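*Asks:* Test case, fold it:
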Amino acid sequence: MAPNATIFKAILHIVDVDRHYYQDHTVTLARHPSETDERMMIRLLAFMLHADEALSFGRGLSSDDEPALWQKDLTGVITRWIEVGLPDEKTIRQACGRAAQVCVYTYGGRAADQWWKQSLTALDRFNNLTVLNLPPEEGRALTQLAQRNMELHCTIQEGQVLIGDGTSALHIELTTLKDASIAVKRTS
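*Replies:* Predicted structure coming up:
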């Protein structure tokens, strides 16, 4: 954990109809001093979308060799590697070589669009890579749910995500830029 990290605790009630996954999780997030609430909440969103007992948060910004989240099997083999932000091609190449599945969650509007245009050709060759983009307005809305102690309800159905804290709720729709099982979606 980074020095002077801010600790956030979350109770997550996850109903993932698409995966038939219905579980509650209690997680602790350490927000690095240079990490924004938006990035931290996108890490939490990624956790909810891939929820599993073996999924855990990496050291993230304080470590170059660990992702935002990862999942390992009982032998220590990395089965899922999840990055948040705009990682460079080298980071993604190494992740794709180390893990069975790699997922990148981009955000940031124009910066994410530019990153995708520049990375498209280089990332096309990775068959185990999925790239998803969160629209800027939804990232900002997600930030409004950030509290030091959170209790969030998340429902996932047909790729749609509904997250609420009992006071407010928001609908999140990620754009798939590249799916590990299909060819790259080219954007202009």
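
*Asks:* The spatially most central residue of the chain: what secondary structure?
*Replies:* The structure's the chain has its C-alpha centroid closest to residue 46; by C-alpha atoms, centre = their mean the separation is 3.1 Å. Here residue 46 is helix, with the state taken from DSSP: H, G, I helix; E, B strand; the rest coil.

*Asks:* show me the residues around it that make contact.
*Replies:* 68-69, 82, 84, 103, 105 (C-beta atoms under 8 Å, 6 or more residues apart in numbering). Every residue, glycine included, has its C-beta placed from N, CA and C.

*Asks:* at 6 Å instead, please
*Replies:* By C-beta atoms under 6 Å, 6 or more residues apart in numbering, the contact set of residue 46 is 69, 82, 105.

*Asks:* Please apply the same query to residue 12.
*Replies:* Residue 12 neighbours (C-beta under 6 Å, 6+ apart): 25, 48, 152.

*Asks:* measure it to residue 149 for me?
*Replies:* In this view, residue 12 and residue 149 are 12 Å apart by C-beta to C-beta, to the nearest Å.

*Asks:* Would you check how far apart the closest residue to residue 134 other than its chain neighbours and residue 19 are?
*Replies:* Using C-beta to C-beta, 6 or more residues apart in numbering and skipping the chain neighbours, the partner closest in space to residue 134 is residue 107 (4.4 Å). Note on residue 107: its distance to residue 19, by C-beta to C-beta, is 23 Å.

*Asks:* higher neighbour count, these two?
*Replies:* residue 107 (25 against 12; other C-beta atoms under 10 Å).

*Asks:* Next, give phi and psi for that one.
*Replies:* phi -160, psi 170 (degrees, to the nearest 10).

*Asks:* And the pLDDT at it?
*Replies:* Note on residue 107: pLDDT of 96.
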